[in-house]
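Asker: Build me a structure from this.
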Amino acid sequence: MIENLTKRPLALAGVTAAALLLGAGGMWIAQRAAPGSLSGADQARVETVVRDYVLDHPEIIPEAMDRLKRRENAKLIAANRAAILEPFGTAWAGNPDGDVTLVEYFDYNCGFCRSSLPTIAELIRRDPKVRVIFREFPILSAESTVAARLSLAAADQGKFKAFHDALYAAGPVTPDSLESAAKKAGVDMKKAGAMSARAETEIATNTAIAQRLGMTGTPSWIIGDKVVSAALPLEELEKAVKEARERS
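Answerer: Numbers count the residues shown, from 1 in each chain. Below is the predicted model:
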């Protein structure tokens, strides 16, 4: 369950993965052969064997694509650790010193994000060592972007949770629901206007990282070095957190 913006070019990715498999298979065998022991003809035969195997077992291509993407994502997450794991103001929940961090990329007009709210709260209640960071990823509408800016202002003023809960409780984003949520949370609108440039920078950074990680919808999650796109049930979130804890 995920609210999508675009679809990945799977056909092109499949071709790329197949090419990588062929090249990697031939290289793996060549590297393990004695230096100079493989002639050009031998190398060609090796590549034919690998090619035939891939054609006979095409089911390994999606698996290879997934493994390659996870490896690339882990490198990208490591390279952008601060931008991903340092919350904007008070846009976080759980244990500030938690041993595993769950990052949610969300949109206030996303119904699946709204339905994930109690799941996140229950995860935090059941796991005192987890930290959750909320990242604005407004991709569904112009109103989503307006909501993200105001949410960041609330986070900057130490009122993120109150605003977050109030706006999701109000349903779809409208001028009235934004005004009501800001009022309930006690957001200073004058201060909110003064930090609009910082809010735009934060949204742009989040969006750039999310797109590079292949996120095309909300909610999307970073759990350890893994990217998951879907509204996950509690059991799946707990499993992902457990796996991240074991990998760390």
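Asker: Which elements pack onto the helix or strand residue 135 falls within?
Answerer: Counting by DSSP states H and E, the element that carries residue 135 is strand 130-136. For strand 130-136, the packing partners by 3 or more C-beta pairs under 8 Å, 6 or more residues apart in numbering; DSSP states H and E come out as helix 81-85, strand 92-94, strand 100-106, helix 111-126, helix 142-156, helix 196-212. No exception for glycine: its C-beta is placed from N, CA and C like everyone else's.
Asker: Residues in contact with the strand or helix carrying residue 179: which ones?
Answerer: For residue 179, the host element (DSSP H and E) is helix 175-185. With C-beta atoms under 8 Å, 6 or more residues apart in numbering as the test, helix 175-185 has contacts from 146-147, 150, 154, 159, 162-163, 166-167, 170-171, 189, 192.
Asker: Tell me the strands beside the strand holding residue 135, with direction?
Answerer: If you go by DSSP bridges, strand 130-136 pairs up with strand 92-94 (antiparallel), strand 100-106 (parallel).
Asker: In CSV, list the C-alpha atoms belonging to the last one.
Answerer: To tie it back to what came earlier, the one meant is strand 100-106. Output of strand 100-106 as CSV, limited to C-alpha atoms (Å, rounded to 0.1, in the frame of the first residue of the first chain):
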residue,chain,number,x,y,z
VAL,A,100,18.0,1.9,15.4
THR,A,101,16.5,4.9,13.5
LEU,A,102,13.4,4.6,11.4
VAL,A,103,13.0,7.5,8.9
GLU,A,104,9.6,8.1,7.4
TYR,A,105,9.2,10.1,4.2
PHE,A,106,5.6,11.3,4.2
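Asker: what's next to it, contact-wise?
Answerer: Residues from elsewhere that reach strand 100-106, judged by C-beta under 8 Å, 6+ apart: 84-85, 113, 116, 120, 123, 129-137, 206, 210, 215, 218-224, 237, 240-241, 244-245, 248.
Asker: Between helix 196-212 and it, find me the angle.
Answerer: Relative orientation of strand 100-106 versus helix 196-212 (axes from the mean of the first three to the mean of the last three C-alpha atoms, to 10 degrees): 100 degrees.
Asker: list the helices and strands the helix or strand hosting residue 72 packs on?
Answerer: Following DSSP H and E, one finds residue 72 within helix 60-79. Judged by 3+ C-beta pairs under 8 Å, 6+ apart, helix 60-79 is in contact with helix 10-32, strand 226-229.
Asker: How far away from the center of its chain is the last one?
Answerer: It stands for strand 226-229. How far strand 226-229 lies from its chain's middle: 5 Å, per C-alpha atoms, centre = their mean, to the nearest Å.
Asker: Give me the sheet partners of that strand and which way each runs.
Answerer: Looking at strand 226-229 with DSSP bridges, its partner strands are strand 220-223 (antiparallel).
Asker: could I get the strand it pairs with in CSV with only the CA atoms?
Answerer: Presented in CSV, the C-alpha positions along strand 220-223 are these (Å, rounded to 0.1, in the frame of the first residue of the first chain):
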residue,chain,number,x,y,z
SER,A,220,8.6,5.4,2.3
TRP,A,221,11.0,4.4,5.0
ILE,A,222,14.7,4.1,5.6
ILE,A,223,15.4,1.5,8.3
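Asker: contacts for that strand?
Answerer: 2, 77, 84, 100-105, 137, 210, 213, 227-229, 232, 237, 240-241, 243-244.
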